[in-house]
Structures are given as structure tokens and as C-alpha cells.
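Asks: heads up, no residue letters with this:
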């Protein structure tokens, strides 16, 4: 009986350690994604944000960052879906609402075939 209890405690402890390691790793992926985005390395940023999501699940801030990266890469449908999911999780987050509103205005013009001012989305 005592051995079973110790084994159970050990399993819970190891699971806890693995969970904390994943959270730290997700946090590191998020940090690296932000650094890549600041440097204009959008493919790397999207990759890092996707890794963070795989490790820790969805958070509104992570999804907002991922949507911005998708938008910068011209992956507009994915950006739209990701912004919407971020808003579902945090409907009153002003940063997400602002980013989504700006993107939605652009996207509405884009799907009507109107090019953004000063923008050339050839090759996107």
C-alpha cells in the first residue's frame, strides 16, 4: 500500500514538473516570437507563436500575436479566424478589438479587390 502511494505521488510530481517545463517553454517561445516580430521576421514569429500554442494552449494574447503574424505574412483567412478566436476568449480586450477592427477594415477592402494605400500584396 505504501509503495502504491509513493508511486502515485511520484507520478503526480513528475507530471507537475513536465507541465511547468511546458509552460516555461511556451513562455520562452512567446518571448522569441515577440522578438522575431519586432525584427520583422514574421515567418519565425508565426512559428514561435504556433509552438507556444501547441505547448500551452490558447490565450487571447498569444492568439492576437499569432493573428498579427499571419496578417503580416498575407495569410489573411488564418488571421481572420485567429483574431475571432482571440475575441471569443477575451471579448473586452481593447488591444485585440483594435487590432481586429483595423484588420477587418483592411480585409473587407482586400476581398473586394481594393488594394491598400501604398501596399502591393503581389507575391503574398
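Replies: Nice, I can see it. Because the structure is a prediction, the values reported are computed rather than measured.

Asks: number of nearby residues for residue 34?
Replies: For residue 34, the neighbour count with other C-beta atoms under 10 Å is 14. All C-beta atoms are positioned from the backbone trio N, CA, C, and that covers glycine.

Asks: burial of the closest residue in space to residue 55 that isn't next to it in sequence, as a residue count?
Replies: Distances taken as C-beta to C-beta, 6 or more residues apart in numbering place residue 26 nearest to residue 55, at 3.9 Å, with adjacent residues excluded. By the criterion of other C-beta under 10 Å, residue 26 has 20 neighbours.

Asks: mind pulling up the pLDDT for residue 26?
Replies: At residue 26, the predicted lDDT confidence score is 95.

Asks: how much space separates residue 103 from residue 67?
Replies: 7 Å (C-beta to C-beta, to the nearest Å).

Asks: do the same with residue 25
Replies: According to C-beta to C-beta, residue 25 and residue 67 sit 22 Å apart.

Asks: residue 81 too?
Replies: 8 Å.

Asks: my guess is residue 53 contacts residue 64. True?
Replies: No: using C-beta atoms under 8 Å, residue 53 makes no contact with residue 64, being 11.8 Å away.

Asks: neighbour count winner among these two?
Replies: Neighbours were counted for residue 53 and for residue 64 using other C-beta under 10 Å; residue 64 has more, 25 against 19.

Asks: pretty sure the more buried one is touching residue 98, no?
Replies: No: using C-beta under 8 Å as the test, residue 64 is too far from residue 98 to be in contact (9.9 Å).

Asks: how about residues contacting the host helix or strand of residue 104?
Replies: Assigned by DSSP states H and E, residue 104 belongs to helix 94-111. For helix 94-111, the surrounding residues in contact (C-beta atoms under 8 Å, 6 or more residues apart in numbering) are 60, 63-64, 67-68, 71, 76, 79-80, 83-84, 86-87, 90-91, 115-116, 121.

Asks: in PyMOL, how would I select just the buried ones from those?
Replies: Filtering those down to the buried ones (16 or more other C-beta atoms under 10 Å) takes a single PyMOL command:
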select buried, resi 60+63+64+67+68+71+76+79+80+83+86+87+90
